[in-house]
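Visitor: generate a structure from the sequence data that follows.
(one chain, ligands or ions: 1)
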Amino acid sequence: MKDKILDLLRDQGGYISGEDISRSLGVSRTAVWKHVHSLLEEGYDIEARRPLGYRLRGIPDLLLPREIRRDLEARVLGGNILHFHRLGSTNQVARELARKGAPEGTVVVAEEQTAGKGRWGRNWHSPPRSSISLSLILRPRLAPTDTPQVTLLAAVAVAGALRSACGLEAGIKWPNDVLVGGRKVCGILTELEAEMEEVRFLVLGIGVNVNQAEEDFPPEIRGRATSLRLESGRAVNRVAVARSLLAELDRWYLVYLREGFGPVAAGWKGFNLTLGHRITVSSPQRVLEGTARDLAEDGGLLVELEDGRIARVLAGEVL
Ligand code: BTN
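Guide: Residues are numbered from 1 along each chain as shown. Presented below is the predicted three-dimensional model:
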């Protein structure tokens, strides 16, 4: 009912009387007022003025599921979006939900994380209202060794979404750091639970820096991190970015399920900032220097060493 009232207010643009709302939705005027009251509590700015009625003045700057879902073009993702004002880590909450059987496509989104997780056990800073922290539950029929492909897929989707939602020239540093202007604007952390042969579920965690100012970043990453606002020079609507992100993720995920890694790898190469460059790459086992030559079948990086040999790095970080 709240969604329907909002639709009416949006369509109307100006004032609409309580009576008109109650008539078109077939509920009492008291019920209309109760729903409006609850929307006010959620942060919607609705003016109530006798004798004109109600008018929608503004929507809250929150990643509310109903706002993200409006005009969302997605088939797998977003049917079930759970919103939190504050939590430890969206990946952690998504993992617990997945263990309890939450369906594929479930999205957990938070305004603020107090224990956001980065790759390699690092912290991820997600301040309230200026970033997007979201995690998706996916249940692809996949061997655990192929999961890096899904992480690359996520990076391709993010880079595409940033280009379409903000017109920014985003690029990808292997495996999945999304950069704008040489600085990191988004990080992706994939976690999985699996049997030996098959993935039980994947949690794809995505953190986007949206409206942070330079001084909002912790000193140790200042200069290496950036936000969409810093890069575009204007405040960015987080809901629009989250929606575009889910639409792109949905699109690429369906392509991947249908056609495999080939198109994803091609998409990744279109955004790639790593291949063809001399790099130092650190993996849990070793640090290598060489020239990044290609993506491997499984999403790993093929590096040509000084002596011409090709090394394959499956998980690591390009320094
Ligand atoms: C990285 O180190 O680059 C990965 C950062 C991933 C951060 C996101 S924010 C949403 C999700 N929840 C987490 O705790 N981490 C991921």
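
Visitor: pretty sure residue 114 is in contact with residue 88, am I right?
Guide: Yes - using C-beta atoms under 8 Å, residue 114 is in contact with residue 88, at 5.6 Å. In short, each C-beta sits where N, CA and C put it, glycine included.

Visitor: neighbour count winner among the two?
Guide: For residue 114 versus residue 88, neighbours defined as other C-beta atoms under 10 Å are more numerous around residue 88 (14 against 11).

Visitor: count of neighbours near the closest residue to that one other than its chain neighbours?
Guide: Leaving aside its chain neighbours, residue 88 sits nearest to residue 115 (4.0 Å; criterion: C-beta to C-beta, 6 or more residues apart in numbering). Neighbourhood size, residue 115 [other C-beta under 10 Å]: 12.

Visitor: roughly how far apart are the closest residue to the ligand within the chain and residue 55?
Guide: In the chain, the residue that lies nearest the ligand is residue 187 (2.4 Å; C-beta to the nearest ligand atom). To residue 55, residue 187 is 40 Å away according to C-beta to C-beta, to the nearest Å.

Visitor: neighbour count winner among the two?
Guide: Per other C-beta under 10 Å, whichever of residue 187 and residue 55 has more neighbours is residue 187, with 22 against 16.

Visitor: and the strand or helix carrying the more buried one, what does it pack against?
Guide: Assigned by DSSP states H and E, residue 187 falls within strand 183-194. Contacts defined by 3 or more C-beta pairs under 8 Å, 6 or more residues apart in numbering; DSSP states H and E place strand 183-194 against helix 90-99, helix 147-166, strand 177-180, strand 199-209.

Visitor: which residues are contacting the next helix or strand after the last one?
Guide: Next helix or strand after strand 199-209 toward the C-terminus (DSSP H and E): helix 228-232. Contacts of helix 228-232 from elsewhere in the structure, counted by C-beta atoms under 8 Å, 6 or more residues apart in numbering, are 162, 166-168, 180-181, 185, 208-214, 235-236, 241.

Visitor: among these, which ones are buried?
Guide: With burial judged by 16 or more other C-beta atoms under 10 Å, the buried subset of the contacts of helix 228-232 is 162, 166, 168, 180, 185, 208-212, 236, 241.

Visitor: which stretches of the stretch 201-319 of the chain form strands?
Guide: Ranges of strands in the stretch 201-319 of the chain, per DSSP state E, counting those that start in this stretch, are 278-282, 287-295, 301-304, 310-313, 317-318.

Visitor: run through who's touching the last one.
Guide: The contact list for strand 317-318, computed with C-beta under 8 Å, 6+ apart, reads 119-120, 173-174, 274, 279-283, 292, 301.

Visitor: swap in the fourth one?
Guide: With contacts defined as C-beta under 8 Å, 6+ apart, strand 310-313 is touched by 281, 283, 288, 290, 293, 296, 300-305.

Visitor: kindly supply the PyMOL command isolating those of those that are buried.
Guide: Only the buried entries of these go into this PyMOL selection, using 16+ other C-beta under 10 Å:
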select buried, resi 281+288+290+296+300+301+302+303
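
Visitor: what is the nearest of the contacts of strand 310-313 to residue 193?
Guide: residue 300 (21.6 Å; C-beta to C-beta).

Visitor: what residues sit buried inside stretch 51-70?
Guide: 53-56, 59, 61-65, 67-69.

Visitor: from the opening residue of it to its closing one, how far?
Guide: 30 Å (C-alpha to C-alpha, to the nearest Å).

Visitor: correct me, but residue 276 touches residue 302?
Guide: No - here residue 276 lies out of contact with residue 302, judged by C-beta under 8 Å, at a distance of 11.8 Å.

Visitor: shared neighbours, the two?
Guide: Joint contacts of residue 276 and residue 302 (C-beta under 8 Å, 6+ apart) are 292-293.

Visitor: for stretch 110-123, what is the average pLDDT?
Guide: Averaging pLDDT along stretch 110-123 yields 94.

Visitor: residue 27 contacts residue 1, correct?
Guide: Yes - taking contacts as C-beta under 8 Å, residue 27 lies within contact range of residue 1: 6.7 Å.

Visitor: neighbour-wise, which of the two wins?
Guide: residue 27 (16 against 13).

Visitor: in contact with residue 32, which residues?
Guide: 5, 18, 21-22, 25 are the contacts of residue 32 under C-beta under 8 Å, 6+ apart.

Visitor: let's have these in CSV, adding pLDDT and secondary structure.
Guide: What follows is the contacts of residue 32, written out as CSV (pLDDT from 0 to 100; DSSP: H, G, I helix; E, B strand; the rest coil):
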residue, pLDDT, secondary structure
5, 95, helix
18, 91, helix
21, 95, helix
22, 95, helix
25, 94, helix
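
Visitor: closest to residue 126 among the residues you listed?
Guide: Looking across the contacts of residue 32 and measuring by C-beta to C-beta, the closest to residue 126 is residue 5, at 31.5 Å.

Visitor: which residue sits closest to that closest one, ignoring its sequence neighbours?
Guide: Nearest to residue 5 is residue 35, by C-beta to C-beta, 6+ apart, at 5.3 Å.

Visitor: sweet, I'm off.
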